[in-house]
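In: Sequence and predicted structure, then a few things I'm wondering about:
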Amino acid sequence: MSDSQFPTGNTVYLIQNSKHENRYASVYHEEGKNLYGREQSSEYYQQFLLMYANNDDMAKGICTLTESQHQDSVGVAIVKA
């Protein structure tokens, strides 16, 4: 597999948490779930930073996702889609 088949490292991504392509993962807690899908038009979503530990991991598509932006406890969006 070539590196181009995998996401680019050191890049922020919106993570989908739904079978529906029009939804992003949300930081809200609802119905006992940590993340659930919200419409893309919503300002309430989470961004993650995707990183590879080394070139070997990059070649295998093994990556780390680190929270890079989040909302505060009252739900005011820090970042927008």
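Out: All right, it came through fine.
In: residue ranges of the helices in this structure, please?
Out: Per DSSP state H, the chain carries helices over the ranges 55-60.
In: any low-confidence regions in it?
Out: 1-4, 17-20, 26-36, 41-45, 68-81 (pLDDT under 70).
In: all strands in it, in order from the N-terminus.
Out: Assigned by DSSP state E, the strands in the chain fall at 11-14, 23-25, 37-39, 47-51, 64-69.
In: Can you check which of these gets nearest to residue 58?
Out: strand 47-51 (9.7 Å; Cβ to Cβ). C-beta coordinates here come from the backbone N, C-alpha and C atoms, glycine included.
In: in the closest one, what's buried?
Out: Residues of strand 47-51 classed as buried: 47-50 (neighbour count, 16 or more other Cβ atoms under 10 Å).
In: follow-up on the earlier one: for residue 5, find the nearest of the strands of the chain.
Out: That would be strand 47-51 among the strands of the chain, by Cβ to Cβ, at 14.0 Å.
In: Keeping just the C-alphas, turn the closest one into PDB.
Out: Presented in PDB, the C-alpha positions along strand 47-51 are these (Å, rounded to 0.1, in the frame of the first residue of the first chain):
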ATOM      1  CA  GLN A  47     -12.000  18.100  15.400                       C
ATOM      2  CA  PHE A  48      -9.100  15.600  15.800                       C
ATOM      3  CA  LEU A  49      -5.500  15.800  14.900                       C
ATOM      4  CA  LEU A  50      -4.200  12.800  13.000                       C
ATOM      5  CA  MET A  51      -0.600  11.900  13.500                       C
END
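In: That one: partners in the sheet, and parallel or antiparallel?
Out: With DSSP bridges as the test, strand 47-51 is paired with strand 11-14 (antiparallel), strand 64-69 (antiparallel).
In: Pull out the buried positions in the first one.
Out: Translated: strand 11-14. In strand 11-14, counting by 16+ other Cβ under 10 Å, buried: nothing.
In: before we move on, back to that, please convert the strands of the chain to JSON lines, extending it with distance to residue 58.
Out: Below are the strands of the chain laid out as JSON lines (distance: least, Cβ to Cβ, whole Å):
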{"stretch": "strand 11-14", "distance to residue 58": "12"}
{"stretch": "strand 23-25", "distance to residue 58": "23"}
{"stretch": "strand 37-39", "distance to residue 58": "28"}
{"stretch": "strand 47-51", "distance to residue 58": "10"}
{"stretch": "strand 64-69", "distance to residue 58": "11"}
